[in-house]
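Chemist: just the structure for this:
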Amino acid sequence: MKLPEDVRQTLIRRFQSKHREWLVSDASGSQWPLEVALGVPTEQAALKQVDGVRAWVSAWQGWRGVGSLSWCERRWKALGAQRLPEKLALRGPVDLALWIGESVRWERAQSRYQALTARWPVLAQQLPRHFDVLADYGDADYQRLAEMLEWIASHPKSDLYPRQLPVSGLDSKWLDGRKGLLTALVAAIQEDSPGDQDFYQRCGLKAPPPLVRVRVLDQALRAHVGGVGDITAPVDDLAGISWPVAHVFIVENLQTGLAMSDMPGAVVFMGLGYNVDVLARFRWLARARCIYWGDLDTHGFAILHRARSYIPELQSVLMDEETLLRHKALWVDEAAQHPATELTLLTEEEQQLYRDLKQQRWGQNVRLEQERIDWDTAWNVLQRSLA
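Modeler: Numbers count the residues shown, from 1 in each chain. Alright, predicted model coming up:
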């Protein structure tokens, strides 16, 4: 026997699994009207829970809500004639959304879906995947999204930077969180596969040049760049400099790089993360000894593996079991480990430590951030690595 709250929970689950499908079919599908059986008991079952049956019938007698409630008659030998609630029928998604408190979200999503598909019918199958965007965006965000789509559809190869677009309220923060959404929707409008281009290529926009931050740790090297010691510049500009760099450090944490003192013939790249791909553009790295120091966790090793695909002789420091165990008191949790089982470009020792971290040898998702290591110890290791 289903009470009104039981029905509400059933309808919540139905909404969660079907609302995207309903956005396309609305109330025209064969599943409407939706009927929910209320669980009329047999007389034998009713005799075992007479008070429960009374409470069930009373709950539906007092119910006032959307939908059509049907009753049935039962003539039982012991309990006599009974009028019982049999089923609830809902005419469409609007009724169901009202039942579960999703009416505002549903109506907003449906209205926006209809507006966008009226403009671009090819979006009919793509938009339901973004139901939460349609349902939850504020009016300003939704209007900005629609204007972006309109402008890009009308100017598919503008070659402008995004901030040059004449779209009200467009800024980098708004755009950064919506590049994937815009890429997918523009691909659908262009009736093309969404996976073969990035946001800028897909939308015909110019990408800001990737920037790299480098500290120059040698006075003679600084003379090649006007005496500047801390440089943030486009990759191609830095890659085009011809200078006699002998040692290159690649560190994950910005402040680690900022803490490094002068060293002969050395520069340090800071905070590249997985963007170590840019190292392939620096031909002068091939003439230098390159050293990587990252966080002691699975992603640190994954970045090292990635960097070695561009710098095969890349050496790691302070990424060993001894360093990890010596700083146990400073461990933190790695939020989500890298998914790979093996990283083929690691050394045997590095690969074993990576496996141990993945297999939780010392605890759940152990992580040692590089900046937690005692600086005097770390600095001595970095200096010795030049020998």
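Chemist: distance of the nearest residue to Lys77 once chain neighbours are set aside from Gln82?
Modeler: The shortest distance from Lys77 to any non-neighbouring residue, by C-beta to C-beta, 6 or more residues apart in numbering, is to Glu43 (6.9 Å). For glycine as for every other residue, the C-beta is placed from the backbone atoms N, C-alpha and C. Per C-beta to C-beta, to the nearest Å, Glu43 is found 9 Å from Gln82.
Chemist: shared neighbours, the two?
Modeler: Contact criterion C-beta atoms under 8 Å, 6 or more residues apart in numbering; residues shared by Glu43 and Gln82: Arg74, Trp76.
Chemist: what about the residue nearest to Lys77, how many neighbours?
Modeler: Using other C-beta atoms under 10 Å, the number of residues around Glu43 comes to 13.
Chemist: check contacts around it.
Modeler: Arg74, Trp76, Lys77, Ala78, Leu79.
Chemist: ok, Asp136 touching Glu102?
Modeler: No: taking C-beta atoms under 8 Å as the definition, Asp136 is not a contact partner of Glu102, at 11.3 Å.
Chemist: pLDDT weak spots in the stretch 151-300 of the chain?
Modeler: 193-196 (pLDDT under 70).
Chemist: next SSE after the helix or strand hosting Trp22?
Modeler: Using DSSP states H and E, Trp22 falls within helix 4-25. Using DSSP H and E, the helix or strand that directly follows helix 4-25 along the chain is strand 34-37.
Chemist: next structured bit after that next one?
Modeler: In N-to-C order, the element after strand 34-37 by DSSP H and E is helix 43-48.
Chemist: distance from the chain centre to the longest strand seen in the chain, please.
Modeler: Looking across the chain with DSSP state E, the single longest strand is strand 80-90. Taking C-alpha atoms, centre = their mean, to the nearest Å, one finds the center of strand 80-90 at 47 Å from the center of the full chain.
Chemist: for that strand, buried residues please.
Modeler: Gln82, Leu84, Pro85, Glu86, Lys87, Leu88, Leu90 (16 or more other C-beta atoms under 10 Å).
Chemist: and the angle for it with helix 4-25?
Modeler: Angle, strand 80-90 to helix 4-25, by axes from the mean of the first three to the mean of the last three C-alpha atoms, to 10 degrees: 30 degrees.
Chemist: direction included, what does strand 80-90 pair up with?
Modeler: Sheet pairing for strand 80-90, assigned by DSSP bridges, gives strand 34-37 (antiparallel), strand 68-76 (antiparallel).
Chemist: point out the one among these that comes closest to Ala188.
Modeler: strand 34-37 (29.6 Å; C-beta to C-beta).
Chemist: neighbouring contacts of the closest one?
Modeler: Against strand 34-37 from outside (C-beta under 8 Å, 6+ apart): Lys2, Val7, Thr10, Leu11, Arg14, Glu86, Lys87, Leu88, Ala89, Leu90, Leu96.
Chemist: any idea of the mean pLDDT in it?
Modeler: The average pLDDT for strand 34-37 rounds to 93.
Chemist: pretty sure Ser242 is touching Arg287, no?
Modeler: No: contact criterion C-beta under 8 Å: Ser242 and Arg287 do not qualify, at 10.6 Å.
Chemist: circling back to that earlier point, of the strands paired with strand 80-90, flag the one that's most buried.
Modeler: strand 34-37 (a mean of 16; mean count of other C-beta atoms under 10 Å).
Chemist: for that strand, the distance to its chain's centre please.
Modeler: For strand 34-37, the distance to the chain centre is 37 Å (C-alpha atoms, centre = their mean).
Chemist: stretch 219-228 now?
Modeler: With C-alpha atoms, centre = their mean, you get 41 Å for stretch 219-228.
Chemist: the contacts of Glu43 into CSV, with extra columns for distance to Asp277 and pLDDT?
Modeler: Shown next, in CSV, are these (distance: C-beta to C-beta, whole Å; pLDDT from 0 to 100):
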residue, distance to Asp277, pLDDT
Arg74, 73, 92
Trp76, 76, 89
Lys77, 80, 88
Ala78, 79, 89
Leu79, 76, 89
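Chemist: just give me the closest of these to Val381.
Modeler: Arg74 (83.6 Å).
Chemist: got a list of what the closest one touches?
Modeler: Val40, Glu43, Ala81, Gln82, Arg83, Leu84.
Chemist: again, only this time at 7 Å
Modeler: By C-beta atoms under 7 Å, 6 or more residues apart in numbering, the contact set of Arg74 is Gln82, Leu84.
Chemist: in the sheet, which residues pair with it? Tell me.
Modeler: Arg74 has these beta-bridge partners by DSSP bridges: Gln82.
Chemist: tell me the spacing between it and Arg326.
Modeler: Counting by C-beta to C-beta, the gap from Arg74 to Arg326 is 77 Å.
Chemist: please apply the same query to Ser316.
Modeler: Taken as C-beta to C-beta, the span from Ser316 to Arg326 is 16 Å.
Chemist: more crowded one of the two?
Modeler: Ser316 (21 against 14).
Chemist: thinking that one is in contact with Glu349, fair?
Modeler: No: Ser316 lies out of contact with Glu349 (C-beta atoms under 7 Å); the separation is 9.4 Å.
Chemist: mind putting the strands paired with strand 80-90 into a markdown table with distance to Trp151?
Modeler: As requested, those are exported to a markdown table (distance: least, C-beta to C-beta, whole Å):
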| stretch | distance to Trp151 |
| --- | --- |
| strand 34-37 | 41 |
| strand 68-76 | 47 |
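Chemist: to Tyr161, which of these lies closest?
Modeler: Here strand 34-37 is closest among those (C-beta to C-beta), at 49.5 Å.
Chemist: surely Arg222 meets Val228?
Modeler: Yes: taking C-beta under 7 Å as the definition, Arg222 is a contact partner of Val228 at 6.4 Å.
Chemist: more neighbours: which of these two?
Modeler: Using other C-beta under 10 Å as the criterion, Arg222 and Val228 rank with Arg222 on top: 19 against 13.
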